[in-house]
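Structure, please.
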Amino acid sequence: MAMAAASTRPQRARGRGHLAAKSLGGRTRLAELYQEGAAKIRLPETFDSSMEAVIINTAGGLTGGDRMDWSVVAGPGTRIDVTTQACEKIYKASADSAVVETSIRVGAGARVDWLPQETILFDRASLSRKLHVELDETAEFLAVEAILLGRKAMGETMAQGLFRDRWRIRRDGRLIHAEELRLGGDIAALTAENAVLSGQVAFATLLYAGPLAETYLRQVRPLVESHMGGVSHWREKLVVRLAASDGFALRKILIPIISALRNGAPVPKVWNL
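Now for the predicted structure:
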């Protein structure tokens, strides 16, 4: 019995969710919906022509060996806002890494706003995350990814662990943005370095790709200037980097910036400050 128990593999969470949208009658309509395992997608009612999708991990968090796969396809002329029901929690991993992969395709004249709430990394968590985006020449895309290294209000810190994040964004097959982030080992010491986070435990990256990048630059720069962060613009791409002392402070900075990058539209209702 002892040998059998020792060889038993822990149960792992698996999930796969797929959403595709089409334009019909001047509104964004559902074309395809697929849900498997711990992945669920809900579509709250909207009062304009766009679609809002809320993705949910019913496993209640991720740990080593868990895997979630999401895919979104925005057909020509559609508008989709994708968010999460709550912050995603990444717990201590006894072995392996949790894996989250997201694939997004945005058609001609369409726009996708990828707006998940924060990912919370607990001590000794291990997460490998990938974001792949394919844009039509006339498509727009906004992405926001925020990370909390523990919950400061609960006295939690991420002292050790691993976090890897890989983004690849292409327009008509041409790579327009690539980034690789890796935090590993003694994360508390690493993030205390001035060249990394200078002791801050909450940080975020925002990216907008589209024809309004230069216009948004003028709106966003004043919102960033008084905080630890920066904004840059190159051709039709705008990137914002932010860091803050905790999740609440980060949200207070993030929300007005996200709204500016959405032409004044608020963040999804499931976000709560």
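
show me what contacts residue 136?
Going by Cβ atoms under 8 Å, 6 or more residues apart in numbering, residue 136 touches 76, 106, 107, 108, 109, 110, 171, 172. In short, each C-beta sits where N, CA and C put it, glycine included.

next one: phi and psi at residue 152?
Phi and psi for residue 152, reported as degrees, to the nearest 10, are phi -60, psi -40.

Now do it against residue 249, distance only.
Distance from residue 152 to residue 249, counting by Cβ to Cβ, to the nearest Å: 9 Å.

Can you pull the residues that touch both of those two?
Residues touching both residue 152 and residue 249 by Cβ under 8 Å, 6+ apart: residue 202.

if we can go back for a sec, turn the contacts of residue 136 into TSV, columns for distance to residue 30 and secondary structure.
Shown next, in TSV, are the contacts of residue 136 (distance: Cβ to Cβ, whole Å; DSSP: H, G, I helix; E, B strand; the rest coil):
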residue	distance to residue 30	secondary structure
76	15	coil
106	16	strand
107	15	coil
108	19	coil
109	19	coil
110	15	coil
171	26	strand
172	26	coil
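
Can you select the buried ones among those for me in PyMOL?
Selection of buried members from those for PyMOL, criterion 16 or more other Cβ atoms under 10 Å:
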select buried, resi 106+107+109+110+171
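
What is the nearest of the contacts of residue 136 to residue 145?
Nearest to residue 145 out of these is residue 106 (Cβ to Cβ; 17.1 Å).

my read: that closest one touches residue 134, true?
Yes - between residue 106 and residue 134 there is a contact under Cβ atoms under 8 Å: 7.2 Å.

where do the helices sit along the chain?
2-7, 187-192, 213-224, 247-261 (DSSP state H).

C-alpha coordinates for the third one, PDB please?
Taking C-alpha atoms only, helix 213-224 is exported to PDB below (Å, rounded to 0.1, in the frame of the first residue of the first chain):
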ATOM      1  CA  ALA A 213      -0.500  54.500 -31.000                       C
ATOM      2  CA  GLU A 214       0.900  58.000 -31.400                       C
ATOM      3  CA  THR A 215      -2.400  59.600 -30.300                       C
ATOM      4  CA  TYR A 216      -2.500  57.400 -27.200                       C
ATOM      5  CA  LEU A 217       1.100  58.300 -26.400                       C
ATOM      6  CA  ARG A 218       0.100  61.900 -25.800                       C
ATOM      7  CA  GLN A 219      -2.800  60.800 -23.500                       C
ATOM      8  CA  VAL A 220      -0.900  58.100 -21.500                       C
ATOM      9  CA  ARG A 221       2.400  59.800 -20.900                       C
ATOM     10  CA  PRO A 222       1.000  62.300 -18.300                       C
ATOM     11  CA  LEU A 223      -0.700  59.400 -16.500                       C
ATOM     12  CA  VAL A 224       2.700  57.600 -16.100                       C
END
